[in-house]
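Peer 1: sequence plus predicted model, see below.
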Amino acid sequence: MKFKIEKKLKNGLGRAGVLNTAHGEINTPAFVPVGTKASIKAVTPEQFIDAGANIVLANTYHLYLQPGDELVAKAGGLHKFMNWQGPIMTDSGGFQVFSLGVAYGKEISKITKITDPSLMIPERFDDSDAPRLAKIGQDGVSFKSHLDGSIHYITPEKSIQIQHNLGADIIFAFDECTSPTEDLRYQEEALERTHRWAERSLEEHQRLLSSNFSALRPSLEYKGGTLGQLKIERNSTLENVVSPALFGIIQGGREESLRKKSARFIGSLAFDGFGIGGSFAKEDMSKAVKWVNEILPEEKPRHLLGIGEPEDLFMGVENGCDLFDCVAPTRIARNGSLYTKNGKINIMNAKYRNNFSRIDDCECYTCKNYTCAYVCHLFHGKEMLAATLASIHNIYFIVNLVKRIRQSILDDNFFIFKEEFLKQYLN
RNA sequence: GCGUCGAUGGUAGAGUGGUCAAAUACGACACGCUGUAAACGUGUUGCCUUCGGGCUUCGGGGGUUCGAAUCCCUCUCGACGCA
(Lines give C-alpha, C1' and ligand atoms only; values in the text may rest on other atoms or scores of the structure.)
Protein backbone atom coordinates (compact mmCIF):
# COMPACT_ATOMS: atom_id res chain seq x y z
CA MET A 1 0.00 0.00 0.00
CA LYS A 2 1.28 3.44 -0.91
CA PHE A 3 -0.08 6.84 -0.05
CA LYS A 4 0.79 10.06 -1.80
CA ILE A 5 -0.44 13.51 -0.90
CA GLU A 6 -1.21 15.64 -3.94
CA LYS A 7 -2.39 18.85 -2.44
CA LYS A 8 -2.91 20.34 0.99
CA LEU A 9 -5.53 22.73 2.22
CA LYS A 10 -4.14 26.16 2.96
CA ASN A 11 -6.09 26.86 6.13
CA GLY A 12 -6.59 23.48 7.67
CA LEU A 13 -5.21 20.00 7.95
CA GLY A 14 -7.02 18.70 4.90
CA ARG A 15 -5.32 17.13 1.94
CA ALA A 16 -6.09 15.37 -1.32
CA GLY A 17 -4.10 12.28 -2.11
CA VAL A 18 -3.95 8.90 -3.75
CA LEU A 19 -3.92 5.61 -1.92
CA ASN A 20 -2.55 2.65 -3.83
CA THR A 21 -3.72 -0.80 -2.90
CA ALA A 22 -3.22 -4.13 -4.58
CA HIS A 23 -6.83 -3.91 -5.75
CA GLY A 24 -6.74 -0.42 -7.11
CA GLU A 25 -6.19 3.24 -6.51
CA ILE A 26 -8.31 5.31 -4.18
CA ASN A 27 -8.43 9.04 -4.55
CA THR A 28 -8.60 10.56 -1.11
CA PRO A 29 -10.50 11.93 0.65
CA ALA A 30 -12.75 9.00 -0.07
CA PHE A 31 -15.90 7.54 1.37
CA VAL A 32 -15.99 3.81 2.08
CA PRO A 33 -19.50 2.33 2.13
CA VAL A 34 -20.00 -0.52 4.55
CA GLY A 35 -20.66 -4.12 3.61
CA THR A 36 -20.50 -5.71 7.03
CA LYS A 37 -21.20 -9.29 6.08
CA ALA A 38 -19.38 -9.20 2.76
CA SER A 39 -22.34 -7.59 1.09
CA ILE A 40 -23.33 -4.02 0.51
CA LYS A 41 -26.86 -4.58 1.63
CA ALA A 42 -29.34 -4.60 -1.27
CA VAL A 43 -26.71 -3.64 -3.84
CA THR A 44 -24.69 -5.76 -6.29
CA PRO A 45 -21.03 -4.96 -6.96
CA GLU A 46 -21.99 -3.71 -10.42
CA GLN A 47 -24.57 -1.34 -8.98
CA PHE A 48 -22.06 -0.34 -6.34
CA ILE A 49 -19.50 0.65 -8.97
CA ASP A 50 -22.20 2.37 -10.99
CA ALA A 51 -23.01 4.43 -7.90
CA GLY A 52 -19.44 5.66 -7.96
CA ALA A 53 -18.05 3.63 -5.07
CA ASN A 54 -14.75 1.83 -5.35
CA ILE A 55 -13.92 0.51 -1.89
CA VAL A 56 -15.90 -1.31 0.77
CA LEU A 57 -15.49 -2.06 4.47
CA ALA A 58 -16.47 -5.45 5.88
CA ASN A 59 -16.50 -6.66 9.46
CA THR A 60 -14.26 -9.15 11.19
CA TYR A 61 -16.64 -10.06 13.98
CA HIS A 62 -19.64 -10.71 11.76
CA LEU A 63 -17.72 -12.72 9.17
CA TYR A 64 -15.93 -14.69 11.85
CA LEU A 65 -19.32 -15.75 13.25
CA GLN A 66 -20.86 -16.29 9.87
CA PRO A 67 -19.79 -17.90 7.58
CA GLY A 68 -16.42 -18.09 9.34
CA ASP A 69 -13.10 -16.63 8.26
CA GLU A 70 -11.75 -20.09 7.42
CA LEU A 71 -14.50 -20.53 4.91
CA VAL A 72 -13.82 -17.14 3.37
CA ALA A 73 -10.15 -18.07 3.09
CA LYS A 74 -11.14 -21.34 1.47
CA ALA A 75 -13.28 -19.41 -0.99
CA GLY A 76 -10.16 -17.51 -2.00
CA GLY A 77 -10.55 -14.49 0.23
CA LEU A 78 -13.16 -11.78 0.47
CA HIS A 79 -12.57 -10.37 -3.00
CA LYS A 80 -13.36 -13.63 -4.70
CA PHE A 81 -15.99 -14.65 -2.22
CA MET A 82 -18.07 -11.51 -2.65
CA ASN A 83 -17.11 -10.87 -6.28
CA TRP A 84 -15.61 -7.49 -5.50
CA GLN A 85 -12.32 -6.75 -7.21
CA GLY A 86 -11.77 -3.32 -5.71
CA PRO A 87 -10.08 -2.56 -2.41
CA ILE A 88 -11.57 -3.92 0.80
CA MET A 89 -11.03 -2.91 4.41
CA THR A 90 -12.07 -4.93 7.42
CA ASP A 91 -12.90 -3.49 10.79
CA SER A 92 -11.31 -5.40 13.65
CA GLY A 93 -14.37 -6.08 15.78
CA GLY A 94 -13.34 -3.27 18.12
CA PHE A 95 -16.55 -1.42 17.50
CA GLN A 96 -18.52 -4.49 18.57
CA VAL A 97 -16.75 -4.32 21.93
CA PHE A 98 -18.71 -1.12 22.31
CA SER A 99 -21.95 -1.73 20.41
CA LEU A 100 -22.47 -5.16 21.94
CA GLY A 101 -20.98 -4.13 25.29
CA VAL A 102 -21.76 -0.90 27.12
CA ALA A 103 -23.97 0.36 24.32
CA TYR A 104 -26.03 -2.83 24.14
CA GLY A 105 -29.71 -2.05 24.57
CA LYS A 106 -28.92 1.55 25.55
CA GLU A 107 -29.54 4.94 24.10
CA ILE A 108 -25.86 5.51 23.44
CA SER A 109 -24.46 4.84 20.01
CA LYS A 110 -21.69 6.13 17.77
CA ILE A 111 -22.90 9.69 18.20
CA THR A 112 -24.66 10.75 21.37
CA LYS A 113 -27.19 13.54 21.41
CA ILE A 114 -26.12 14.72 24.83
CA THR A 115 -24.40 18.09 24.75
CA ASP A 116 -22.25 17.27 27.74
CA PRO A 117 -21.65 13.52 27.99
CA SER A 118 -20.01 13.97 31.36
CA LEU A 119 -23.47 14.72 32.71
CA MET A 120 -24.61 11.26 31.74
CA ILE A 121 -24.39 8.42 34.17
CA PRO A 122 -21.52 6.10 33.30
CA GLU A 123 -23.21 3.11 31.78
CA ARG A 124 -20.96 0.65 33.49
CA PHE A 125 -22.11 1.64 36.95
CA ASP A 126 -25.82 2.20 36.71
CA ASP A 127 -26.85 -1.42 36.19
CA SER A 128 -24.05 -3.90 36.42
CA ASP A 129 -26.35 -6.77 35.60
CA ALA A 130 -27.52 -5.20 32.38
CA PRO A 131 -27.46 -7.75 29.61
CA ARG A 132 -24.65 -7.28 27.15
CA LEU A 133 -23.07 -9.43 24.53
CA ALA A 134 -19.47 -8.30 25.00
CA LYS A 135 -17.42 -8.37 28.17
CA ILE A 136 -13.90 -7.03 28.34
CA GLY A 137 -11.38 -9.36 29.93
CA GLN A 138 -7.72 -9.07 30.76
CA ASP A 139 -6.49 -10.27 27.44
CA GLY A 140 -9.33 -9.71 25.04
CA VAL A 141 -13.08 -9.60 24.84
CA SER A 142 -15.61 -12.37 25.24
CA PHE A 143 -18.55 -12.09 22.93
CA LYS A 144 -21.84 -13.85 23.18
CA SER A 145 -22.91 -14.42 19.60
CA HIS A 146 -26.09 -12.55 18.74
CA LEU A 147 -26.81 -15.37 16.31
CA ASP A 148 -26.79 -18.42 18.54
CA GLY A 149 -25.59 -17.33 21.98
CA SER A 150 -22.28 -19.16 21.72
CA ILE A 151 -19.32 -17.60 23.51
CA HIS A 152 -16.26 -16.41 21.58
CA TYR A 153 -13.11 -14.91 22.94
CA ILE A 154 -11.48 -12.36 20.65
CA THR A 155 -7.96 -11.18 21.36
CA PRO A 156 -5.92 -8.76 19.27
CA GLU A 157 -4.05 -11.75 17.85
CA LYS A 158 -7.28 -13.51 17.00
CA SER A 159 -8.72 -10.43 15.31
CA ILE A 160 -5.61 -10.05 13.15
CA GLN A 161 -5.62 -13.75 12.28
CA ILE A 162 -9.23 -13.53 11.23
CA GLN A 163 -8.54 -10.45 9.17
CA HIS A 164 -5.62 -12.13 7.44
CA ASN A 165 -7.89 -15.03 6.62
CA LEU A 166 -10.49 -12.67 5.21
CA GLY A 167 -7.84 -11.12 3.03
CA ALA A 168 -8.77 -7.43 2.90
CA ASP A 169 -6.36 -4.81 1.59
CA ILE A 170 -6.51 -2.71 4.72
CA ILE A 171 -7.16 -4.12 8.17
CA PHE A 172 -7.48 -2.52 11.59
CA ALA A 173 -5.94 -3.14 14.98
CA PHE A 174 -8.24 -4.51 17.65
CA ASP A 175 -9.33 -1.66 19.92
CA GLU A 176 -11.89 -0.69 22.49
CA CYS A 177 -14.31 1.97 21.37
CA THR A 178 -15.42 3.72 24.54
CA SER A 179 -18.59 5.56 25.39
CA PRO A 180 -18.29 9.30 26.00
CA THR A 181 -20.26 8.70 29.18
CA GLU A 182 -17.32 6.91 30.79
CA ASP A 183 -15.33 8.81 33.37
CA LEU A 184 -11.72 9.85 33.00
CA ARG A 185 -10.36 6.99 35.01
CA TYR A 186 -12.08 4.45 32.82
CA GLN A 187 -11.02 6.27 29.66
CA GLU A 188 -7.40 6.08 30.81
CA GLU A 189 -7.70 2.42 31.62
CA ALA A 190 -9.40 1.66 28.29
CA LEU A 191 -6.82 3.67 26.39
CA GLU A 192 -3.99 1.74 28.00
CA ARG A 193 -5.73 -1.44 26.93
CA THR A 194 -6.21 -0.20 23.37
CA HIS A 195 -2.53 0.73 23.21
CA ARG A 196 -1.41 -2.68 24.43
CA TRP A 197 -3.79 -4.28 21.96
CA ALA A 198 -2.35 -2.09 19.20
CA GLU A 199 1.16 -3.38 19.89
CA ARG A 200 -0.09 -6.93 20.00
CA SER A 201 -2.07 -6.44 16.78
CA LEU A 202 1.02 -5.12 15.08
CA GLU A 203 3.21 -7.94 16.34
CA GLU A 204 0.75 -10.58 15.22
CA HIS A 205 0.37 -8.87 11.87
CA GLN A 206 4.13 -8.85 11.34
CA ARG A 207 4.43 -12.42 12.48
CA LEU A 208 1.79 -13.51 9.96
CA LEU A 209 3.36 -11.48 7.19
CA SER A 210 6.80 -12.94 7.73
CA SER A 211 5.47 -16.48 7.96
CA ASN A 212 3.55 -15.93 4.74
CA PHE A 213 6.65 -14.40 3.28
CA SER A 214 8.84 -17.39 3.99
CA ALA A 215 6.16 -19.91 3.12
CA LEU A 216 5.54 -18.31 -0.22
CA ARG A 217 9.02 -17.08 -0.99
CA PRO A 218 9.51 -19.21 -4.14
CA SER A 219 6.53 -17.72 -5.93
CA LEU A 220 6.02 -14.31 -4.47
CA GLU A 221 6.70 -11.02 -6.04
CA TYR A 222 8.22 -8.44 -3.74
CA LYS A 223 7.09 -4.94 -4.54
CA GLY A 224 9.48 -3.17 -2.22
CA GLY A 225 8.93 -1.05 0.84
CA THR A 226 7.82 -2.22 4.23
CA LEU A 227 6.16 -5.46 5.08
CA GLY A 228 2.80 -3.85 4.61
CA GLN A 229 3.56 -3.29 0.99
CA LEU A 230 4.15 -6.90 0.02
CA LYS A 231 2.27 -8.40 -2.81
CA ILE A 232 2.32 -12.16 -2.85
CA GLU A 233 1.22 -14.15 -5.81
CA ARG A 234 0.93 -17.86 -6.11
CA ASN A 235 -1.07 -20.43 -8.03
CA SER A 236 -2.70 -22.28 -5.18
CA THR A 237 -6.34 -22.02 -4.16
CA LEU A 238 -5.30 -18.78 -2.50
CA GLU A 239 -4.20 -17.04 -5.61
CA ASN A 240 -3.58 -13.33 -5.47
CA VAL A 241 -3.05 -13.39 -1.75
CA VAL A 242 -2.33 -9.84 -0.80
CA SER A 243 -0.66 -8.95 2.42
CA PRO A 244 -2.80 -6.34 4.00
CA ALA A 245 -1.85 -2.95 5.34
CA LEU A 246 -2.55 -2.51 9.04
CA PHE A 247 -4.05 0.64 10.49
CA GLY A 248 -3.69 1.44 14.20
CA ILE A 249 -6.58 3.07 16.03
CA ILE A 250 -6.50 6.20 18.16
CA GLN A 251 -8.93 6.37 21.06
CA GLY A 252 -9.06 8.59 24.15
CA GLY A 253 -12.68 9.65 24.37
CA ARG A 254 -13.36 13.36 24.71
CA GLU A 255 -10.29 14.07 26.76
CA GLU A 256 -7.66 16.23 25.03
CA SER A 257 -4.73 14.80 26.94
CA LEU A 258 -5.77 11.23 26.20
CA ARG A 259 -6.46 11.87 22.53
CA LYS A 260 -3.05 13.46 22.08
CA LYS A 261 -1.35 10.78 24.09
CA SER A 262 -3.00 8.17 21.91
CA ALA A 263 -2.04 9.94 18.69
CA ARG A 264 1.58 10.18 19.84
CA PHE A 265 1.71 6.56 20.89
CA ILE A 266 -0.15 4.93 18.03
CA GLY A 267 1.46 7.36 15.59
CA SER A 268 4.90 6.20 16.68
CA LEU A 269 4.23 2.57 15.86
CA ALA A 270 4.90 0.99 12.48
CA PHE A 271 1.33 1.11 11.24
CA ASP A 272 0.60 1.75 7.58
CA GLY A 273 -2.12 4.21 8.45
CA PHE A 274 -4.46 5.16 11.25
CA GLY A 275 -8.05 4.96 12.27
CA ILE A 276 -9.61 7.52 14.56
CA GLY A 277 -12.19 5.82 16.70
CA GLY A 278 -14.57 6.50 19.52
CA SER A 279 -18.14 7.34 20.23
CA PHE A 280 -18.61 11.09 20.17
CA ALA A 281 -20.90 13.79 21.28
CA LYS A 282 -21.32 15.55 17.96
CA GLU A 283 -19.92 18.79 19.27
CA ASP A 284 -16.74 17.11 20.47
CA MET A 285 -15.85 15.42 17.24
CA SER A 286 -14.02 18.16 15.36
CA LYS A 287 -11.82 19.00 18.32
CA ALA A 288 -10.86 15.37 18.87
CA VAL A 289 -10.08 14.86 15.19
CA LYS A 290 -7.96 17.98 15.07
CA TRP A 291 -6.00 17.14 18.22
CA VAL A 292 -5.18 13.77 16.76
CA ASN A 293 -4.35 14.72 13.18
CA GLU A 294 -2.02 17.51 14.26
CA ILE A 295 0.11 14.81 15.82
CA LEU A 296 -0.19 11.81 13.49
CA PRO A 297 2.56 11.42 10.86
CA GLU A 298 1.47 13.44 7.88
CA GLU A 299 2.56 10.98 5.21
CA LYS A 300 0.26 8.16 6.35
CA PRO A 301 -3.46 7.94 5.65
CA ARG A 302 -6.03 8.59 8.36
CA HIS A 303 -9.43 7.01 8.47
CA LEU A 304 -12.20 8.54 10.55
CA LEU A 305 -14.05 5.47 11.65
CA GLY A 306 -17.83 5.26 11.35
CA ILE A 307 -18.42 8.86 10.38
CA GLY A 308 -20.35 9.88 7.37
CA GLU A 309 -23.06 12.52 7.60
CA PRO A 310 -22.38 15.29 5.07
CA GLU A 311 -21.53 17.95 7.65
CA ASP A 312 -19.19 15.53 9.41
CA LEU A 313 -17.40 14.70 6.18
CA PHE A 314 -16.55 18.35 5.61
CA MET A 315 -15.38 18.55 9.20
CA GLY A 316 -13.27 15.42 8.87
CA VAL A 317 -11.62 16.45 5.63
CA GLU A 318 -10.90 19.93 6.89
CA ASN A 319 -9.24 18.43 9.92
CA GLY A 320 -7.02 16.05 8.05
CA CYS A 321 -8.91 12.80 7.51
CA ASP A 322 -8.46 10.90 4.25
CA LEU A 323 -10.94 8.07 4.57
CA PHE A 324 -14.42 7.70 6.01
CA ASP A 325 -16.77 4.79 6.38
CA CYS A 326 -20.30 4.84 7.62
CA VAL A 327 -23.37 2.63 7.63
CA ALA A 328 -25.62 5.66 7.38
CA PRO A 329 -26.09 5.89 3.61
CA THR A 330 -27.17 2.28 3.28
CA ARG A 331 -28.95 1.89 6.59
CA ILE A 332 -31.04 5.02 6.39
CA ALA A 333 -31.76 4.19 2.76
CA ARG A 334 -33.32 0.91 3.77
CA ASN A 335 -35.37 2.80 6.31
CA GLY A 336 -36.69 5.28 3.77
CA SER A 337 -34.39 8.27 4.32
CA LEU A 338 -32.72 9.76 1.28
CA TYR A 339 -30.08 12.43 1.01
CA THR A 340 -30.86 15.40 -1.17
CA LYS A 341 -29.01 18.62 -1.68
CA ASN A 342 -31.70 20.25 0.47
CA GLY A 343 -31.28 17.81 3.34
CA LYS A 344 -32.55 14.38 4.19
CA ILE A 345 -36.08 13.40 3.27
CA ASN A 346 -38.27 10.49 4.31
CA ILE A 347 -39.53 9.13 1.02
CA MET A 348 -42.33 7.26 2.81
CA ASN A 349 -44.00 10.52 3.84
CA ALA A 350 -47.51 11.00 2.47
CA LYS A 351 -46.46 14.03 0.46
CA TYR A 352 -44.38 11.85 -1.87
CA ARG A 353 -47.21 9.49 -2.82
CA ASN A 354 -48.25 11.78 -5.64
CA ASN A 355 -44.93 13.36 -6.38
CA PHE A 356 -43.88 12.37 -9.87
CA SER A 357 -40.67 14.31 -9.95
CA ARG A 358 -37.27 12.81 -9.29
CA ILE A 359 -35.79 12.53 -5.82
CA ASP A 360 -32.90 14.90 -6.40
CA ASP A 361 -31.21 16.27 -9.47
CA CYS A 362 -28.31 13.88 -9.14
CA GLU A 363 -26.89 11.56 -11.75
CA CYS A 364 -27.50 8.28 -10.00
CA TYR A 365 -29.41 5.41 -11.57
CA THR A 366 -32.34 5.92 -9.24
CA CYS A 367 -32.75 9.61 -9.89
CA LYS A 368 -32.32 9.22 -13.63
CA ASN A 369 -35.00 6.56 -13.90
CA TYR A 370 -37.56 6.75 -11.11
CA THR A 371 -39.93 9.16 -9.43
CA CYS A 372 -40.52 9.92 -5.76
CA ALA A 373 -43.99 8.43 -6.10
CA TYR A 374 -42.59 5.14 -7.35
CA VAL A 375 -39.94 4.79 -4.66
CA CYS A 376 -42.52 5.84 -2.07
CA HIS A 377 -44.83 3.13 -3.35
CA LEU A 378 -42.04 0.52 -3.25
CA PHE A 379 -41.38 1.31 0.41
CA HIS A 380 -45.05 1.19 1.36
CA GLY A 381 -45.41 -2.05 -0.55
CA LYS A 382 -42.33 -3.45 1.19
CA GLU A 383 -40.76 -4.22 -2.14
CA MET A 384 -37.09 -5.19 -1.98
CA LEU A 385 -36.34 -2.89 -4.88
CA ALA A 386 -37.03 0.03 -2.53
CA ALA A 387 -33.91 -0.78 -0.53
CA THR A 388 -31.86 -1.17 -3.68
CA LEU A 389 -32.92 2.06 -5.34
CA ALA A 390 -32.63 4.03 -2.11
CA SER A 391 -29.19 2.56 -1.32
CA ILE A 392 -27.90 3.30 -4.81
CA HIS A 393 -29.01 6.89 -4.44
CA ASN A 394 -27.54 7.42 -0.98
CA ILE A 395 -24.24 5.75 -1.87
CA TYR A 396 -23.99 7.91 -4.95
CA PHE A 397 -24.84 11.02 -2.98
CA ILE A 398 -22.25 10.52 -0.25
CA VAL A 399 -19.48 9.06 -2.39
CA ASN A 400 -19.98 11.82 -4.90
CA LEU A 401 -20.04 14.46 -2.19
CA VAL A 402 -16.63 13.36 -0.96
CA LYS A 403 -15.35 13.34 -4.52
CA ARG A 404 -16.54 16.91 -4.89
CA ILE A 405 -14.90 17.81 -1.60
CA ARG A 406 -11.66 16.33 -2.92
CA GLN A 407 -11.95 18.30 -6.13
CA SER A 408 -12.59 21.45 -4.16
CA ILE A 409 -9.25 20.96 -2.39
CA LEU A 410 -7.52 20.53 -5.73
CA ASP A 411 -9.32 23.62 -7.04
CA ASP A 412 -8.52 25.71 -3.97
CA ASN A 413 -12.16 26.35 -3.14
CA PHE A 414 -12.87 23.91 -0.33
CA PHE A 415 -14.22 26.51 2.06
CA ILE A 416 -16.48 28.08 -0.55
CA PHE A 417 -17.83 24.71 -1.56
CA LYS A 418 -18.34 23.74 2.08
CA GLU A 419 -20.26 26.88 2.86
CA GLU A 420 -22.43 26.70 -0.23
CA PHE A 421 -23.21 23.02 0.19
CA LEU A 422 -23.99 23.13 3.88
CA LYS A 423 -26.07 26.29 3.57
CA GLN A 424 -28.42 24.49 1.22
CA TYR A 425 -28.17 21.07 2.86
CA LEU A 426 -28.80 22.22 6.41
CA ASN A 427 -31.30 24.86 5.22
C1' G B 1 -91.65 -17.53 5.24
C1' C B 2 -89.37 -20.34 9.51
C1' G B 3 -84.94 -21.39 12.23
C1' U B 4 -79.80 -20.80 13.70
C1' C B 5 -75.59 -17.90 14.03
C1' G B 6 -73.47 -13.25 13.41
C1' A B 7 -72.75 -7.52 13.07
C1' U B 8 -66.78 -4.25 17.61
C1' G B 9 -62.29 1.42 15.89
C1' G B 10 -59.10 2.29 8.55
C1' U B 11 -58.79 -3.50 8.17
C1' A B 12 -58.59 -8.34 10.56
C1' G B 13 -59.88 -9.71 15.30
C1' A B 14 -60.13 -10.15 21.11
C1' G B 15 -63.61 -8.81 24.75
C1' U B 16 -69.20 -11.15 26.64
C1' G B 17 -72.45 -6.82 33.17
C1' G B 18 -68.11 -2.34 36.23
C1' U B 19 -60.97 -2.74 36.17
C1' C B 20 -63.27 -0.70 28.17
C1' A B 21 -62.00 4.75 24.46
C1' A B 22 -62.06 -1.13 24.04
C1' A B 23 -56.26 -6.43 23.77
C1' U B 24 -53.34 -7.83 19.62
C1' A B 25 -51.81 -7.56 14.68
C1' C B 26 -51.80 -5.01 10.24
C1' G B 27 -52.58 -0.30 8.01
C1' A B 28 -52.01 5.02 8.40
C1' C B 29 -49.12 9.27 10.21
C1' A B 30 -44.57 11.16 12.12
C1' C B 31 -39.76 10.74 13.95
C1' G B 32 -35.01 8.43 14.88
C1' C B 33 -30.79 5.79 12.82
C1' U B 34 -22.98 7.88 12.12
C1' G B 35 -16.25 1.45 12.38
C1' U B 36 -24.63 -2.50 10.94
C1' A B 37 -27.88 -7.27 16.97
C1' A B 38 -30.81 -2.56 11.90
C1' A B 39 -35.48 -4.41 4.93
C1' C B 40 -34.89 -1.81 12.03
C1' G B 41 -36.60 0.94 16.22
C1' U B 42 -39.80 4.62 18.82
C1' G B 43 -44.17 7.58 19.26
C1' U B 44 -49.24 8.86 17.76
C1' U B 45 -53.57 6.72 15.70
C1' G B 46 -62.61 8.59 18.25
C1' C B 47 -63.37 14.07 19.42
C1' C B 48 -62.01 18.21 22.73
C1' U B 49 -58.41 19.71 26.46
C1' U B 50 -55.90 24.99 30.78
C1' C B 51 -53.00 17.61 29.97
C1' G B 52 -56.11 17.30 35.82
C1' G B 53 -59.65 15.64 32.76
C1' G B 54 -64.16 16.24 29.78
C1' C B 55 -67.43 14.38 25.80
C1' U B 56 -69.55 10.86 22.16
C1' U B 57 -68.53 5.49 20.57
C1' C B 58 -68.90 -1.48 19.80
C1' G B 59 -75.23 -2.18 13.06
C1' G B 60 -80.26 1.25 14.23
C1' G B 61 -84.08 2.06 17.94
C1' G B 62 -86.10 0.87 22.68
C1' G B 63 -85.63 -1.51 27.50
C1' U B 64 -83.46 -3.98 32.23
C1' U B 65 -79.61 -2.23 35.76
C1' C B 66 -76.52 2.08 40.36
C1' G B 67 -73.71 0.64 35.84
C1' A B 68 -74.31 -2.30 29.09
C1' A B 69 -69.77 -3.53 23.61
C1' U B 70 -71.49 -7.44 27.04
C1' C B 71 -78.51 -9.03 29.27
C1' C B 72 -83.80 -8.48 27.03
C1' C B 73 -87.22 -6.71 22.93
C1' U B 74 -87.49 -4.94 18.08
C1' C B 75 -85.80 -3.38 13.30
C1' U B 76 -81.95 -3.55 9.41
C1' C B 77 -78.21 -6.23 7.08
C1' G B 78 -75.23 -10.84 6.28
C1' A B 79 -74.08 -16.23 6.39
C1' C B 80 -75.94 -21.03 6.72
C1' G B 81 -80.00 -24.59 7.08
C1' C B 82 -85.24 -25.89 6.21
C1' A B 83 -89.43 -24.66 3.18
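Peer 2: Nice, thanks for sending it over.
Peer 1: and the one helix or strand residue A:194 maps to, how far from the chain's centre?
Peer 2: Using DSSP states H and E, residue A:194 sits within helix A:184-216. Offset of helix A:184-216 from its chain centre (Cα atoms, centre = their mean, to the nearest Å): 19 Å.
Peer 1: for that helix, buried residues please.
Peer 2: With burial defined by 16 or more other Cβ atoms under 10 Å, the residues of helix A:184-216 counted as buried are A:186-188, A:190-191, A:193-195, A:197-198, A:200-202, A:204-206, A:208-209, A:212, A:216. Any C-beta I mention is one placed from the backbone N, CA and C, and that applies to glycine too.
Peer 1: what about that helix and RNA strand B, touching?
Peer 2: No. Judged by Cβ under 7 Å from any atom of the strand, helix A:184-216 and RNA strand B are separated, with a smallest distance of 9.0 Å.
Peer 1: strand partners of the helix or strand following that helix, parallel vs antiparallel please.
Peer 2: The helix or strand immediately downstream of helix A:184-216 is strand A:245-250, counting by DSSP H and E. Strand A:245-250 has its sheet partners listed here by DSSP bridges as strand A:170-172 (parallel), strand A:273-276 (parallel).
Peer 1: if we can go back for a sec, counting by contacts, list what the helix holding residue A:194 packs against.
Peer 2: helix A:156-166, strand A:245-250, helix A:256-268 (3 or more Cβ pairs under 8 Å, 6 or more residues apart in numbering; DSSP states H and E).
Peer 1: and residue A:338, which helix or strand is it part of?
Peer 2: If you go by DSSP H and E, residue A:338 is part of strand A:337-340.
Peer 1: list the contacts of the spatially closest residue to residue A:309 that is not a sequence neighbour.
Peer 2: Using Cβ to Cβ, 6 or more residues apart in numbering and skipping the chain neighbours, the partner closest in space to residue A:309 is residue A:328 (6.2 Å). Residue A:328 makes contacts with A:308-309, A:394, A:398, as judged by Cβ atoms under 8 Å, 6 or more residues apart in numbering.
Peer 1: and the gap between the closest residue to residue A:133 other than its chain neighbours and residue A:92?
Peer 2: Distances taken as Cβ to Cβ, 6+ apart place residue A:100 nearest to residue A:133, at 3.9 Å, with adjacent residues excluded. Separation of residue A:100 from residue A:92 (Cβ to Cβ, to the nearest Å): 14 Å.
Peer 1: the more surrounded of these two?
Peer 2: residue A:92 (29 against 21; other Cβ atoms under 10 Å).
Peer 1: identify the residues contacting whichever residue of the stretch 301-427 of chain A sits closest to RNA strand B.
Peer 2: With Cβ to the nearest atom of the strand as the measure, residue A:306 is the residue of the stretch 301-427 of chain A nearest to RNA strand B, at 2.2 Å. Going by Cβ under 8 Å, 6+ apart, residue A:306 touches A:95, A:110, A:277, A:325-327.
Peer 1: that one belongs to a strand, doesn't it?
Peer 2: No. Counting by DSSP: H, G, I helix; E, B strand; the rest coil, residue A:306 falls outside a strand, being coil.
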